[in-house]
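A.B. asks: Coordinates for the following, if possible.
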Amino acid sequence: MTTHPEPGTAEWEAYLAEGNAKQARKRVAADVILRDKSGRILLVNPTYKEGWDLPGGMVEANEAPIEAARRELLEELGIQPRLLGILSVDWDPPHGPWDDQIVMVFDGGKLSSSEASALRPHDAELSECAFFTSEEAVAALRPRIRDRVTQTLEALATGKPRYLESGRALW
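C.D. replies: Numbering: from 1, shown residues only. Got it, this is the predicted structure:
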């Protein structure tokens, strides 16, 4: 049986530092599927990368993914919808200059007609936001995230969350 140092001691701090140095540190993103009353999907157009995307963003150090999703929606769109659950978790392999990441997509439910019509970007990270039918939304997305969103919309329709790798459902 392995014994661990006593919490609060220098040995404990060294033990934690060793674990942190050896264990993977994944980037994590928290995105949200938001719909209007007719079921159209909200997409945002970021100013810092090409193409449309789901609202949301990167999780900060020691921040829970659901809190990151809430924070990003408030910062970027000025809204605080009730998140209803997880729709998908996607392991995204290394791409470009980036290491791999975990992308969690939450169900943000349906916005009221007045909430949907009042949506506007609230910071410089977004140039616009708009609602699209599911088919239009998938077509508007960058190729790298089309499969993820297609699978996530299927999870929304079936009520069964998906585990994905590179946008492909493993279950």
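A.B. asks: what about the closest residue in space to Arg27 that isn't next to it in sequence, how many residues close to it?
C.D. replies: Distances taken as C-beta to C-beta, 6 or more residues apart in numbering put Gln101 closest to Arg27, at 3.9 Å, once the chain neighbours are dropped. (Each C-beta comes from the backbone N, C-alpha and C, glycine too.) Burial measure for Gln101: 17 neighbouring residues, criterion other C-beta atoms under 10 Å.
A.B. asks: same deal with Val44?
C.D. replies: Neighbour count of Val44, defined by other C-beta under 10 Å: 24.
A.B. asks: my read: it touches Phe131, true?
C.D. replies: No: because the distance of 10.9 Å does not satisfy C-beta atoms under 8 Å, Val44 is recorded as not touching Phe131.
A.B. asks: Okay, now the unreliable bits of the protein?
C.D. replies: In the predicted model, the chain carries pLDDT under 70 at residues 1-2.
A.B. asks: top helix in it by residue count?
C.D. replies: helix 143-158 (DSSP state H).
A.B. asks: Which strands or helices does that helix pack on?
C.D. replies: For helix 143-158, the helices and strands in contact under the criterion 3 or more C-beta pairs under 8 Å, 6 or more residues apart in numbering; DSSP states H and E are strand 27-35, strand 85-92, strand 101-110, helix 134-140, strand 162-165, strand 168-169.
A.B. asks: And it, what's buried?
C.D. replies: Counting neighbours by 16 or more other C-beta atoms under 10 Å, one finds that the buried residues in helix 143-158 are 145, 147-153, 155-156.
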